[in-house]
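Chemist: Output the structure for:
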Amino acid sequence: MKKLLTILAFLFCSAAYAGSYNDIPKNVTFLNPYGPGGIVDIQYRHFEKFMLAKGIKMQIMYRPGANSTIAAQEFITGPKDGSVIMMNSTSNSWLSENRLGQKVIEPIISTGGVANVIITHPDSKYNNYNDLVKALKAGDKDIKIGWHAVSNVLMAHQFSAAINSDLPLLVPYKTSTDSARDVMGGHLPLAFSPMSTVKPLLESGKVKIIFGFASNPNSLPAGTLDIKKRIPSWRHGEIFFIGLPPGTDEKIIKSWTAVLKDYLSQKDTDDALQAAFIGKDVGGPEHINDMIQHQANGFKKYNIEIK
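Modeler: This is a model prediction of the structure:
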């Protein structure tokens, strides 16, 4: 009887999801606020194949720059019929909303948080966590850390406050690929970087990891020091999510919510997220907005102003 109920429940959910696919356009544009090859691009490629199997053709549109503000400005005036969706990080979405002075996206669902690490050159004088902490507390003027996402700045403040050191010089970059390239070349001592960028560089011996942090520690590579082991109060505080333009019809929002829940319930999706070093963290608008508010509180706490 229990097995029968399980099968019936599965069939019921499948039927409900099937109806939702019929309610969204057959051609959808996926707006990527970053460049090709990044974490949004990686998630899109897997999602695109899933949607194609459901009879929906997707195309990606890249609008990088200004920590997603360029894409957000275009997205605001996008069609409200469900034919355009966007994926962004919570911190950069918060930043673009503050820059533009208006709501920039209707959050639907979060996918997860990316494993991030602090990288340095293999010949760097900073061999490990203890070396870096010692240098920061000693006021080492050689320490410069590249950052590419607003959340990196928040993490830098969180780290400095936790070890009771001055904030090191933070160097802005457009993408994690750019900062990683400078670390490889010995032009930049350290950088925040997602594991999706670091993996091939690590395997080829071009960089080394000082420590890492992730919403799910299992998404960090084996042997990587999880910062929570040294700073138990550490909060990762960054997730990626998908949304629709503000003002989209509620029926369209419900249909896209069902479609994305279906996608994120698949084992194949779990495997793809894990392969991309993404700790799965699925939640609705309230969960997404709570994370954004947490980050906003952090910027206020550390008196961070990014224009």
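
Chemist: mind listing the helices for the stretch 51-200 of the chain?
Modeler: Using DSSP state H, counting those that start in this stretch, the helices of the stretch 51-200 of the chain run over 69-76, 90-100, 129-137, 150-163, 176-184, 195-203.

Chemist: Hmm, Leu154 is touching Asn297, no?
Modeler: No: contact between Leu154 and Asn297 fails when scored by CB atoms under 8 Å: they sit 10.0 Å apart. From N, CA and C alone the C-beta is placed, and that goes for glycine too.

Chemist: Neighbour count: those two, which is higher?
Modeler: For Leu154 against Asn297, the residue with the higher neighbour count under other CB atoms under 10 Å is Leu154, and the figures read 24 against 11.

Chemist: For His236, see how far away the more buried one is.
Modeler: Separation of Leu154 from His236 (CB to CB, to the nearest Å): 11 Å.

Chemist: tell me the domain ranges of the protein?
Modeler: Residue ranges of the domains in the chain are recorded as 2-114+237-301, 116-213, according to automatic domain parsing.

Chemist: Reformat the ones you listed as TSV; add distance to Lys228.
Modeler: Formatted as TSV, the entries for those read as follows, by distance: least, CB to CB, whole Å:
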stretch	distance to Lys228
domain 2-114+237-301	12
domain 116-213	7
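
Chemist: Minimum distance to Ile231: which of the ones you listed has it?
Modeler: Nearest to Ile231, of all those, is domain 116-213, at 4.6 Å by CB to CB.

Chemist: how much space between the residue nearest in space to the middle of the chain and Ile288?
Modeler: If you average the C-alpha coordinates of the chain and look for the closest C-alpha using CA atoms, centre = their mean, you land on Phe240, 4.1 Å from that point. For Phe240, the distance to Ile288 under the criterion CB to CB works out to 10 Å.

Chemist: which intervals of the stretch 1-150 of the chain have sub-threshold pLDDT?
Modeler: 1-16, 18 (pLDDT under 70).

Chemist: and the closest residue in space to Gly37 that isn't next to it in sequence, what does it touch?
Modeler: Nearest non-adjacent residue to Gly37, counting by CB to CB, 6 or more residues apart in numbering: Thr177, 6.8 Å away. Counting by CB atoms under 8 Å, 6 or more residues apart in numbering, Thr177 makes contact with Gly35, Gly37, Gly38, Thr197.
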